[in-house]
Structures are given as C-alpha cells and as structure tokens.
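> Could you look at this predicted model? Sequence included:
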Amino acid sequence: MKRIAIATLIGVWLLLAMTTALASAHDTDAPRPIALTGTASRATEFWRMGVIHEGQMAHQDIAGRTVSPIATFRSYRNTTHIYFSFAAPGSQRDIQATRLYILDRSGTYTDAATLTLEILDRSGAVQHIVSSSPVDLKATAAGSWIDTPLSGNADNLELMPGEFLAAHFSLDGIPEGDLTMHVLFDIEVMNPLSQQPPDPPILMTPPNGTITDTQTVTLTWAASSGAAGYHVKLDSGAIVTTTETTWPADLALGSHTWTVRAFNTAGTSSWATPWTIEITETLPPPTMPRLLAPPNGTITTTHAVTLSWQAGTGAPPTFYHVDVDSSVVTVTGTTSPTQLATGTHTWTVQACNSAGESSYAASWTLEITDTLPAPSTPILIAPPNGTVTTTRALDLVWQAGMGSAPTGYHVDMDGSVVTVTGSTSPTLLAIGTHTWTVQAFNGSGSSDWASPWTLDVTKYKTFLPLLLKDSAP
C-alpha cells in the first residue's frame, strides 16, 4: 500500500485579494478603517488609512501608491509640501472630528513646520480648509493625541464626490534639517444620507432603585444621537411619545418600573434596561454611601482637599455625617472641603434622613506629606496579557497604582521607551510577539516597572487543507 499526500494551498489568493482591496481603497465609497481607538455609531466612520505624496499633488498622482495607517513627514526631501491623502468618497461625507497622534519624532528643523487639513478637488486645487488653525509641528511633542480645531463654517466640513481630504505638511523655508515624524490620523466622518435607527437612551433620574415618599416625579434620560423622539413605558400602562428627554409622572404608592426607547424615520431602538422606583408613605433610612475621592491610600502635598462620595441606592439622604479622624461635621451635599495637617488621616461618611441613618462607609486613608514620594507601580489593563490578534494598531492601557500621583509614564515596548502623560499609548506593531510594560514617575522619582505583558500580532489566518489519497501498488 502506498500513501500519496497531496497538499492544496489556498492562502496565496486570499492574501492577494486583501492587498487588492487596500490598493483600491482610494476610489471607494467608504475607506477601509483599521481598529485604532473607540467605536462609532452605525452612520459614523473612522478614516485612518492614506498615502504619502511629496510636492504639489493631484488625486491621480496617488494611484498605485502604498496605502498605510502611518504618515511620514520629513523636512529634507527636496520639497516644501508633503501630503497624506485619504480616499475620495463616492457620496457626501461630513467631517465630525479630527485628531492626530505623533508616534515618534527625531531631528530638527529651524523654520516653521505646520500641518493643515484641506479638502482638494481631483486636480489638487484647495476647495476648503477643514482645520481652523494649523498645528505647529515644530513645537509638538510625541506621545499624546492632539485634537485639531475644525472650521466654524459647516460648508468647509462637507466632503463631496470628486473631492478628497488631505493632511498638508508645509515648510516655511527651504528643505533642510533632519526632522522626521511618524503620525497617526483619526478622522471621524458621517454619511448624512445613511441615517440609522438611534441607539437606546441612557436612563438618568431618579436613580435605579430609588425609594421616595414623593408621588410626583420627573423621569429623565440622556438624548440619543439622531433621535426624533422617544417612547416612554411606565409599568403596564400605555406607551407615551415625547420629543423631550423628560417625562413628569404621578405615581401611586408601591413599586414601579419604567424604561424609554428612541426613534427616528429609520426605525426604533431597543428599550433601555428598565429601572425601578418605589413610592412609600414611610421613608426608610438611606443605604450606605459610596466614597469616591480622593482615592483610598492617596499621598499628596496638598493640605486643602475635597472629600466626595455618592448616595447609595434606595431612600434619598437629606444630609450626611462626615467623619475625619473621629471629628464629625454635617453637610447636605456630597462633598466636604477639608484642611488637613501633615500626616495620615482616615475618613468616612454616613447618610441620614428623617427615618434614620445608614452605616458608615468603610474608612479610607489619605496622607499629607511635605515631600511627595515616588509613585507606586502602575497596573496594566489592556490588551490582556497573552493577547493574540491580527490588529497591528493597538492602544496600551494601564492605571496608576495607589499612593502619590504620577506626572507621567515611561512605556517600554520591546525595549523602545516613549514618555506619555496619560494612561494610554497608541502603538503600531509589526507581525510577531511583543513585550510591554509601564513605569510611573513624578518629581520625586520613578516606580518599579510593572511585570511585563506579552501580545502576539499574527497574519490573517489561512487554512491549508491536506487532501489524502490512498493508492494500491
């Protein structure tokens, strides 16, 4: 018996198909976005892919060029104008927001280097200026998102068929120096002709689980983008319609359930998760409040601090007892400004109303010091350790540890370190396994590095079936 193995590879044509899709994105109705930050409503798109062109340009000049999520600007390329252009849409797009992130920069340029977002026609003639003021790239540091201010004229934000959006990098002087920058763009656009049903509203007040002796209440919710109106459902009664985001209700004694959904000409959202409210003749004591700030274990050099908390669910408090180091004051709101001496302090809060008092919340500590210590080790959050993904553009996310507040962070990706002031760092990764960690710092020093996490960026999965055939000798 002889066994012949015949392997059939189908991965090649899949990769060619993806390459063709990217290369043709500059004349499609909707440019292909890559996952970078956030999510959008169904009528919203994020544009992040484009092509580089050096010198004055027309749209046909970019045909066949490589599509990339990274714009590379250099001051020494024998031209004073460099463009990063996005796809020309097949139907109108309205620009909603724009921002950029400088991944890294090196070198210098002595004259002004600015960036302006422009709408051009296919010949390269400027039709509108999208950004109301240029971004001074000479003075802009790497490592943070930069929101670009939009024109106050709505006509300047309309991108019509036959036009395309470009980020225009311009130099005031002759090409010189050795300035190099790699930039990510995040362009949010809306197709005004493709309205979708709105998202469910977010219920606001009275808070879920409220217990009150007031029978006249006002139900409120947050507006849903694109909504023309709302349906309000209270218990098993008839559904009422309103264009407002409030609804007054006279409620009988007992427990009630309410919810809201949004609608427009394209359809109706799902109902928001129902909330309950109880109307009672005899109000029970409130439940224990929840401490908010300063976070437990905070270390600070500021002696004047404001303690804050929020009410628990159930009956509303009418006042609070605030206990700081066994000294109690009474307040009616949910904050208490406090002047503290140097040292360690303990604080807690109790909620009260005419029916009684809650338990005190579990105590938190706060240390006032003349010399701020170095911050503690940050806590890595995302992507989770060991993540495997085909997405190359990712946001690294962490949070500060307990103790003194950091003023910034060092982010180490595969031995390359960048400095940021926030608790996220966008990064573009090559195919392969990567290791990252974060260190916090302030004026007193640096924390330990967090225990490193790994993530694996893989190519698109292809399946290579193996066909086996038995043949007699």
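Structure's in. What do you need? Predicted, not measured: the structure shown is a model, and the values here were computed from it. Numbering: from 1, shown residues only.
> how's the chain carved up into domains?
Using automatic domain parsing, the domain parsing of the chain gives 12-190, 202-279, 290-368, 379-457.
> Take the ones you listed and lay them out in JSON lines including mean pLDDT.
Shown next, in JSON lines, are those (pLDDT from 0 to 100):
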{"stretch": "domain 12-190", "mean pLDDT": "77"}
{"stretch": "domain 202-279", "mean pLDDT": "92"}
{"stretch": "domain 290-368", "mean pLDDT": "93"}
{"stretch": "domain 379-457", "mean pLDDT": "90"}
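> Tell me which of these sits nearest to Gln196.
domain 12-190 (4.1 Å; C-beta to C-beta). The C-beta positions use only the backbone N, C-alpha and C, and glycine is treated the same way.
> Now do that closest one: distance to the chain's middle.
20 Å (C-alpha atoms, centre = their mean, to the nearest Å).
> go on, stretch 268-278?
26 Å.
> same question, stretch 373-383
19 Å.
> Extract the CA atoms of it and return them as CSV.
Provided in CSV are the C-alpha atoms of stretch 373-383 (Å, rounded to 0.1, in the frame of the first residue of the first chain):
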residue,chain,number,x,y,z
PRO,A,373,7.3,60.1,47.4
ALA,A,374,7.7,58.4,44.1
PRO,A,375,4.6,56.8,42.7
SER,A,376,3.8,53.1,43.1
THR,A,377,3.9,50.6,40.2
PRO,A,378,1.2,51.1,37.5
ILE,A,379,-1.4,48.3,36.9
LEU,A,380,-1.5,47.1,33.3
ILE,A,381,-5.1,46.8,31.9
ALA,A,382,-5.2,46.1,28.1
PRO,A,383,-4.6,44.4,25.8
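> how about it: buried residues?
Of the residues in stretch 373-383, 374-378, 380, 383 count as buried by neighbour count, 16 or more other C-beta atoms under 10 Å.
> Let's have the residues you listed in CSV, adding distance to Leu150.
Putting the buried residues of stretch 373-383 into CSV (distance: C-beta to C-beta, whole Å) gives the following:
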residue, distance to Leu150
Ala374, 41
Pro375, 36
Ser376, 40
Thr377, 40
Pro378, 34
Leu380, 35
Pro383, 31
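> how many other residues sit next to the residue lying closest to Pro383 once chain neighbours are set aside?
Spatial nearest neighbour of Pro383, chain neighbours left out: Leu455 (5.2 Å); criterion: C-beta to C-beta, 6 or more residues apart in numbering. Using other C-beta atoms under 10 Å, Leu455 has 22 neighbouring residues.
> Now do the contacts for Leu455.
Neighbouring residues of Leu455 by C-beta atoms under 8 Å, 6 or more residues apart in numbering: 383, 385-389, 394, 429, 433-434, 436.
> Any of the residues you listed buried? List them.
Judged by 16+ other C-beta under 10 Å, buried ones among the contacts of Leu455: 383, 394, 429, 434, 436.
> Name the residues linked to the spatially closest residue to Asn156 that is not a sequence neighbour by a beta bridge.
Leaving aside its chain neighbours, Asn156 sits nearest to His128 (4.1 Å; criterion: C-beta to C-beta, 6+ apart). Beta-bridge pairing of His128 under DSSP bridges involves Ile119.
> Now do the strands in the stretch 1-150 of the chain.
Remark: strands assigned in the stretch 1-150 of the chain by DSSP state E, counting those that start in this stretch are 2-7, 44-47, 51-54, 70-74, 81-85, 93-106, 113-121, 126-129, 135-136, 145-147.
> Pairing partners for the shortest one, with directions?
Which is strand 135-136. strand 113-121 (antiparallel).
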